[in-house]
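# got a predicted structure here, sequence first:
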Amino acid sequence: MTPAPRPGASGGLYPLLLEPLYKEKVWGGRRFERMGRSLPGDGHVLWGESWEVADLATTATSGGGGDPARSVIANGPIAGSTLTDLMATRGAEVLGDAARSDDGGFPLLVKYLDARRNLSVQVHPSPAYAARHPGARLKSEAWYVVQADPGAAIYKGLSPGITRAHVERAIRDGTVPDLLTAVPAVPGAAHYLPSGTCHALGAGVLVAEVQTPSDTTFRVYDWDRADRETHVEEALASMTFGPLDASAHEPDSRDESEGRVTRGLVRCPHFAIDEWSVPRGGRRDASLGRAEVWMVIEGGVIMEPVTVPFEPVLVPAGRTVLLPAAVDTVVAETTDDTRLLRITPGGA
């Protein structure tokens with residue numbers, strides 16, 4: 001049994017580094033090594049996913065492997081405890097005014113995906129499907145393109161005029177990708193994919209993924225990989241037909257105040273994502289009312305305490321840090337020209 005979390009210094013919480021949870025995938029690769037990662041196993045294992053922030057009691061056998069997925073804290077006085085432990089004992093301090101997940105856990109699942117080959121064409125449960133099937137949970141997500149090979153694509157939504165009959169025929173014929181809207185995978189671009197969207201991540205792309213805490217995925221088509229199951233009836237029952245209109249969720253606003261460039265990338269009921277570009281030596285006093293997750297894409301950030309004693313926390317490129325709402329005030333200073341994603345969960 002995992003021990004309950006020990007209190008931090010003076011009982012206070014601090015910025016939390018979490019151990020990545022790696023998932024081997026047939027479509028995965030080795031790009032995580034380019035992020036400075038030392039990957040488990042030998043050099044032949046293909047790692048498709050790195051779960052950066054996870055608090056799931058169960059996962060799908062065909063997705064996360066069937067076991068619980070619980071991030072382990074890697075730094076400070078509560079190192080070795082899980083995020084699940086911390087949410088159970090000090091959840092209000094972690095979340096602030098953010099809403100818990102339906103089962104009381106942390107409300108986001110944050111990952112990196114390395115698609116050496118095409119991911120399956122898939123759908124996540126629509127609100128109507130989830131309401132009828134209690135075991136199926138909504139999975140709205142956003143992708144932020146970190147790296148992409150020339151010519152790589154993202155498939156997001158069905159083309160105009162496509163009906164269920166078209167999809168059923170394409171499944172029989174093996175031509176499902178022809179029905180999807182393909183867009184170039186451009187580093188720095190964000191794509192919001194609400195539950196019910198038919199989508200796929202194309203080969204040669206590394207993305208950061210922010211999503212609701214669900215592992216329910218229905219595969220429609222798997223690029224002739226015959227050894228993996230599909231979930232055609234469930235997918236058709238969940239699928240949104242017609243093109244995806246996510247313009248209201250991808251504001252791409254821009255603000256150059258406070259010594260940084262902020263791009264507002266995604267706004268939805270479940271989370272918000274901003275991209276910050278900050279020159280070396282840029283500083284920000286973080287005093288939070290809600291939990292935040294920072295994914296450092298380039299550069300690095302060092303976080304030092306102001307009121308609560310803790311050791312300075314270095315977050316280099318490729319790492320993710322969870323800032324509990326109860327971290328009273330912390331000064332974050334960039335160690336180099338830095339680009340990061342600031343992710344906030346939805347409110348209670």
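Right, received. Where do you want to start?
# quick one, helices of the stretch 1-150 of the chain?
83-95, 127-132 (DSSP state H, counting those that start in this stretch).
# adding mean pLDDT, write these out as CSV.
Listed next are the helices of the stretch 1-150 of the chain as CSV, based on pLDDT from 0 to 100:
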stretch, mean pLDDT
helix 83-95, 96
helix 127-132, 90
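# just put those in JSON lines and tack on mean neighbour count.
Backbone N, C-alpha and C define where each C-beta goes, glycine included. Listed next are those as JSON lines, based on neighbours: other CB atoms under 10 Å:
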{"stretch": "helix 83-95", "mean neighbour count": "20"}
{"stretch": "helix 127-132", "mean neighbour count": "14"}
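# could you dump those helices into CSV with distance to Ala226 added?
As requested, those are exported to CSV (distance: least, CB to CB, whole Å):
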stretch, distance to Ala226
helix 83-95, 37
helix 127-132, 26
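# Arg284 is nearest to which of the ones you listed?
For the helices of the stretch 1-150 of the chain, the distance to Arg284 is smallest for helix 83-95, at 20.4 Å, taking CB to CB.
# so what does the closest one touch, helix or strand wise?
The contact analysis (3 or more CB pairs under 8 Å, 6 or more residues apart in numbering; DSSP states H and E) places helix 83-95 against strand 55-56.
# what does the strand it packs on rub up against?
Identification of contacts with strand 55-56 by CB atoms under 8 Å, 6 or more residues apart in numbering yields 64, 68-71, 82-84, 87, 101, 105-106, 109, 213, 215.
# quick one: buried ones out of those?
By neighbour count, with 16 or more other CB atoms under 10 Å, the contacts of strand 55-56 hold 64, 69-71, 82-84, 87, 101, 105-106, 109, 213, 215 as buried.
# need those in JSON lines (columns: distance to Thr163).
Putting those into JSON lines (distance: CB to CB, whole Å) gives the following:
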{"residue": "Gly64", "distance to Thr163": "33"}
{"residue": "Ala69", "distance to Thr163": "36"}
{"residue": "Arg70", "distance to Thr163": "42"}
{"residue": "Ser71", "distance to Thr163": "41"}
{"residue": "Thr82", "distance to Thr163": "45"}
{"residue": "Leu83", "distance to Thr163": "43"}
{"residue": "Thr84", "distance to Thr163": "43"}
{"residue": "Met87", "distance to Thr163": "43"}
{"residue": "Ser101", "distance to Thr163": "34"}
{"residue": "Gly105", "distance to Thr163": "38"}
{"residue": "Phe106", "distance to Thr163": "38"}
{"residue": "Leu109", "distance to Thr163": "32"}
{"residue": "Pro213", "distance to Thr163": "32"}
{"residue": "Asp215", "distance to Thr163": "29"}
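# looking at pLDDT only, which of the residues you listed scores worst?
Checking pLDDT across those, the minimum falls on Gly64 at 85.
# among the helices of the stretch 1-150 of the chain, which comes closest to Thr329?
Per CB to CB, nearest to Thr329 of the helices of the stretch 1-150 of the chain: helix 83-95, 14.7 Å.
# contact partners of the closest one?
2-5, 13, 16, 18, 53-55, 57, 68, 70-73, 78, 100, 104-107, 290-291, 322, 324-326, 345, 348.
# apply 7 Å and report the result again.
Residues from elsewhere that reach helix 83-95 (CB atoms under 7 Å, 6 or more residues apart in numbering): 2, 4-5, 13, 18, 55, 70-71, 73, 78, 100, 105-106, 291, 324-326.
# in strands, which of these fall?
Asp55, Arg70 (DSSP state E).
# returning to what we had before: between the helices of the stretch 1-150 of the chain, which one is closest to Leu341.
helix 83-95 (18.6 Å).
# that closest one: how far from the chain's middle?
19 Å (CA atoms, centre = their mean, to the nearest Å).
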